[in-house]
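>>> Sharing a model that was predicted from the sequence below.
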Amino acid sequence: MEKTINITLKIWRQRGPKEKGAFKEYALNDISTDSSFLEMLDILNEQLINKGEEPVVFDHDCREGICGMCSLYINGHPHGPDEDVTTCQLHMRRFNDGDVITIEPWRSAGFPVIRDLMVDRGAFDKIIQAGGYVSVNTGGVPDANAIPIPKADADEAMDSASCIGCGACVAACKNGSAMLFVSAKVSQLALLPQGRVEAASRAKAMLAKMDELGFGNCTNTGACEAECPKSVSISNIARLNREYIKAKLKD
Amino acid sequence: MWLLNSSIGKKVVMSVTGLFLILFLTFHMSMNLVAIFSAEGYNMICEFLGANWYALVGTAVIAGGAALHILYAFWLTYINRRARGNNRYAVVSKPKTVEWASQNMLVLGIIIVLGLCMHMWDFWAKMQLNELTGLFPDVNPHDGYALIVEKFSSPIATVCYLIWFVAIWFHLTHGFWSALHTLGWNNKTWLARWKCIANIFTTVICLGFAVVAIYFGFIA
């Protein structure tokens, strides 16, 4: 049976990167608890457009939790109060009638606000460009079973590779550190023989880029892991530290 | 130099100095325990260390380690606050798995430094410094036992020291495993193990210190 709730939204409105932002309140009635969080925002935007107001700008794309495009800091949690889901997978059944829902953009010097709830996560692309790839010339396509890889390593690499690069780790971190993202990207390649070849230079290049872009220093609070929609483990951070320290000691 | 320029390098300095200070605390606590069993034994240790050259070198190394740890702490915190940006979140909710201590290491550190100042004035100034400079001519720098008895005869001092130990406990429960994590000596299995070892080791150290304070403050 469908249930509807009335809610109040406190949304961060900011016209541009340089302008000062502020919270604005919106009352929203008769929202189905079956609707997703982003559908609820779509309804709000439709109402705003019909009233001739500016709609709320927010990032979204696949709406099935794999593209890493949606963000939103909802009631003090990146991707909202649910665990292990992205904002697009969050549903209004998680909220009660009369709730006040505070929606903020990711707040970090590395992710400047473009407008309202949309932030520029281009910094992550720059970090990937610095070394998050394999450039080994393998010649022709080798047989899939030509390089034996232990199941445990393959699983671990896949877990690291589940990072969708949404930036929730940076948003959750009190230090604005991107270590969970960078370590997941370093790990998924360092764990496999094909990626091993460039492991040392990759760790150095990606970390240098991360530092250069103004992200903070990890203090191992574990907030990133707790808020990560893909449950990427902070053991990846230990691996990145290990790879980096080993690489530097060899220099 | 990567220990100055890179984020991991700076944290390696924090980790190594932190682990070194934990090692120092372990020795310090062990020596304190002697005071409960034997006044002569404790004073023998005080005389053996005193202002001998090896004790002075040791003190200098420990002071250097502590200074590095504190300097880097402020430096890293400054960078981290800048990285957080100018706008703070309006609503903040701490995930259940995040330890309180891990988010308040600087505050705990500042409390520890304040306690350290108190402690240096109470004991170090009247022992090693006194032996070197003769700052307190009426205090025997080798009679550490008398200093302990006198200091902890005041319940306020005892309570201050106990509060200090609690701050150290919180600081170390996070600092211990975090240091090993930063040095890369961790994985999914050892994460829980190191946290458990950190809790036990820290509790033993802090209990060791607290026992001496409580013994001389309320029992002896």
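Here it is on my side, so go on.

>>> Where does the spatially closest residue to B:Phe24 that is not a sequence neighbour sit, in terms of helix or strand?
Closest residue in space to B:Phe24, ignoring its immediate chain neighbours: B:Ile62 at 5.5 Å, by Cβ to Cβ, 6 or more residues apart in numbering or on different chains. For the C-beta atoms, the positions are set from N, CA and C on the backbone; glycine is no exception. Using DSSP states H and E, B:Ile62 falls within helix B:53-84.

>>> Relative to A:Asn6, how far out is the residue of the stretch 1-150 of chain A found nearest chain B?
Taking Cβ to the nearest Cβ as the measure, the stretch 1-150 of chain A has A:Gly76 as its residue closest to chain B, at 3.1 Å. Taking Cβ to Cβ, to the nearest Å as the measure, A:Gly76 falls 22 Å from A:Asn6.

>>> Run through who's touching stretch B:194-211.
Contact with stretch B:194-211 is made by B:22, B:25-26, B:29-30, B:32-33, B:36, B:161-162, B:165-166, B:168-169, B:172-177, B:180-181, B:186, as judged by Cβ atoms under 8 Å, 6 or more residues apart in numbering or on different chains.

>>> from those, which are also near chain A?
Under the cut-off given by Cβ under 8 Å from any Cβ of the partner chain, chain A has B:174, B:177, B:181, B:186 from the contacts of stretch B:194-211 close to it.

>>> for chain A, longest helix please?
helix A:235-250 (DSSP state H).

>>> thinking again about what came up before, show me just the buried residues among the contacts of stretch B:194-211.
Among the contacts of stretch B:194-211, the ones that count as buried by 16 or more other Cβ atoms under 10 Å in any protein chain shown are B:22, B:25, B:29, B:32, B:36, B:161, B:165, B:168-169, B:172-177, B:180-181, B:186.

>>> Any chance of a markdown table for the ones next to chain A among the contacts of stretch B:194-211, columns secondary structure?
What follows is these, written out as a markdown table (DSSP: H, G, I helix; E, B strand; the rest coil):
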| residue | secondary structure |
| --- | --- |
| B:His174 | helix |
| B:Trp177 | helix |
| B:His181 | helix |
| B:Asn186 | coil |
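
>>> what's the farthest-apart pair in those residues?
B:His174 and B:Asn186 (13.7 Å; Cβ to Cβ).

>>> what comes up buried for the longest helix of chain A?
In helix A:235-250, counting by 16+ other Cβ under 10 Å, buried: A:235-245, A:247-248.

>>> give me the subset of those residues touching chain B.
Among those, chain B is touched by A:235, A:237-245, A:248 when using Cβ under 8 Å from any Cβ.

>>> And the residue nearest to B:Gly184 when sequence neighbours are not counted, how far from A:Glu2?
Of all residues not flanking B:Gly184 in the chain, A:Arg242 sits nearest, at 2.8 Å (Cβ to Cβ, 6+ apart). Distance of A:Arg242 to A:Glu2, computed by Cβ to Cβ: 52 Å.

>>> now swap in B:Asp143 and tell me
Here the criterion is Cβ to Cβ. By it, B:Asp143 lies 82 Å from A:Glu2.

>>> who's more crowded, those two?
B:Asp143 (18 against 7; other Cβ atoms under 10 Å in any protein chain shown).
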